[in-house]
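Q: I would like the atomic coordinates for the input below:
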Amino acid sequence: MILTVALNAALDVTYHIDQSISPHSTHRVREVTAAAGGKALNTARILHTLGESVVSTGLLGGATGRQIAGLIPQGLRHSFVSVAAESRRALVVADPDDATGFWEPGADVTDAEWSGFLDRYAGLSAVARVVVLSGSLPPGLPIDAYAQLVRIARLNRATTILDCDGSALHAALPERPDVIKPNTAELAEAVPHLDTGDDAGVVDAARVLLRAGAGTVVASRGPEGLIAVTDDGHWSAAPAAAIVGNPTGAGDACVAGLARGILHGQPWPSRLRGAVALSSASVLAPIAGHVEVNDYLRLRGTVDLRDFVVNNQHVSDNTEEQ
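A: Sure thing, here's the model as predicted:
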């Protein structure tokens, strides 16, 4: 089972407009959609779509929290802890070429509420094989909140994937998360003294984070795909062609691919191929946290996967897990 943890779940509201967004002007909205969101819930929804055994947990509060709970897809198992303060909303304005997001800060969580969540999490992580920890921390939580969750998961022998940034990431590294997934901006922020503008710089920065405690670093680079620095090798994986659509949630789909690959014991090349294909398929979907399975299967066979450290050769891996 995969457990996803949404400490700062959101009501994702998407405005769809027909023209490119322009600051300081008026836009007519063609369609409004709402979904249970936040990074961990996006990941859980995609895993559920693929038929994986997944449970989502986290914190929900107020009327917005109740809306989020009501929008979780039927059949997706969840076990959230209620808090008194209001959960957040995340507004995305999606135009034909890109998307612009506005994120609220989230509920102010008390010490007692956090303690209650830790009890719930300890029980759930004890029966999970993979734990996904992703997203921002809501106000009130300690900066080492993810460090605490990584430690508990490790004691329960679950593999952890951590997708956060800033101080929360640095605080968690000494607890040895198995996989971290920074994007290029987060990687540059985490290792500011290095130039991460090319492949070599990404690898150098990843090695710094490995020495700090990360087991594996998978750096997402938007349309350029991924670079993974692992004990088994260093790979780049990218879509064969540019994917145009809504990139919001593409990183969450990438995490879903990594979690799925770990759950099924796939080698790293297969995990990365699945992660890029799911990320690309999510860009084609109009709403974050959604994929069409046929898009995923079609794109999986087109991912350009290379071992760029060893003679820049393609990695031979023809495994086609669904």
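
Q: Give me the below-cutoff pLDDT ranges for this protein.
A: 308-322 (pLDDT under 70).

Q: Would you map the helices across the stretch 1-150 of the chain?
A: Per DSSP state H, counting those that start in this stretch, the stretch 1-150 of the chain has helices spanning 39-49, 62-71, 111-125, 145-155. These are given in chain order.

Q: Quick one: residues contacting residue 15.
A: 27, 29, 31, 32, 91, 92, 93, 94 (C-beta atoms under 8 Å, 6 or more residues apart in numbering). Glycine gets a C-beta too; all of them are placed from N, C-alpha and C.

Q: Quickly list what it is bridged to.
A: On the basis of DSSP bridges, residue 15 is bridged to residue 32, residue 93.

Q: quick one: it from residue 86, how far?
A: With the distance defined as C-beta to C-beta, to the nearest Å, residue 15 ends up 21 Å from residue 86.

Q: what does residue 238 give?
A: If you measure residue 238 against residue 86 using C-beta to C-beta, the figure is 40 Å.

Q: Return the distance of stretch 125-134 from the chain's centre.
A: In terms of C-alpha atoms, centre = their mean, to the nearest Å, the centre of stretch 125-134 is found 14 Å from the chain centre.

Q: do stretch 64-77 as well
A: So, by C-alpha atoms, centre = their mean, the centroid of stretch 64-77 is 19 Å from its chain's centroid.

Q: buried residues in it?
A: Neighbour counts using 16 or more other C-beta atoms under 10 Å place 64, 65, 68, 72, 76 of stretch 64-77 among the buried residues.

Q: quick one: contacts for residue 33?
A: Per C-beta under 8 Å, 6+ apart, neighbours of residue 33: 13, 14, 16, 286, 287.

Q: My read is that the third one contacts residue 29, right?
A: Just to be clear, that refers to residue 16. Yes - the pair residue 16 / residue 29 is scored as a contact, 6.8 Å apart, by C-beta atoms under 8 Å.

Q: which of these two has more neighbours?
A: Between residue 16 and residue 29, counting by other C-beta atoms under 10 Å, residue 16 is the more crowded of the two (18 against 11).

Q: Not counting sequence-adjacent ones, nearest residue to that one?
A: Once its chain neighbours are removed from consideration, residue 16 has its nearest residue in residue 31; the separation is 4.3 Å (C-beta to C-beta, 6 or more residues apart in numbering).

Q: got it, and residue 285?
A: Setting aside the residues directly before and after it, residue 285 is nearest to residue 291 in space (C-beta to C-beta, 6+ apart), at 5.7 Å.

Q: what sits up against stretch 281-300?
A: Taking contacts as C-beta under 8 Å, 6+ apart, the residues outside stretch 281-300 that touch it are 12, 14, 16, 33, 35, 37, 41-43, 45-46, 49-50, 92, 94, 239, 243-250, 252-253, 273-274, 276-278, 280, 320, 322.

Q: rerun at 6 Å
A: 14, 33, 35, 42, 45-46, 243, 245-250, 253, 273, 277-278, 280 (C-beta atoms under 6 Å, 6 or more residues apart in numbering).

Q: Might you report the residue contacts of the residue lying closest to residue 263 once chain neighbours are set aside?
A: Spatial nearest neighbour of residue 263, excluding adjacent residues (C-beta to C-beta, 6+ apart): residue 130 at 5.2 Å. Applying C-beta under 6 Å, 6+ apart, one finds that residue 130 lies in contact with 2, 159, 259, 262, 263.

Q: rerun that using 7 Å as the cut-off
A: Applying C-beta atoms under 7 Å, 6 or more residues apart in numbering, one finds that residue 130 lies in contact with 2, 158, 159, 161, 259, 262, 263.
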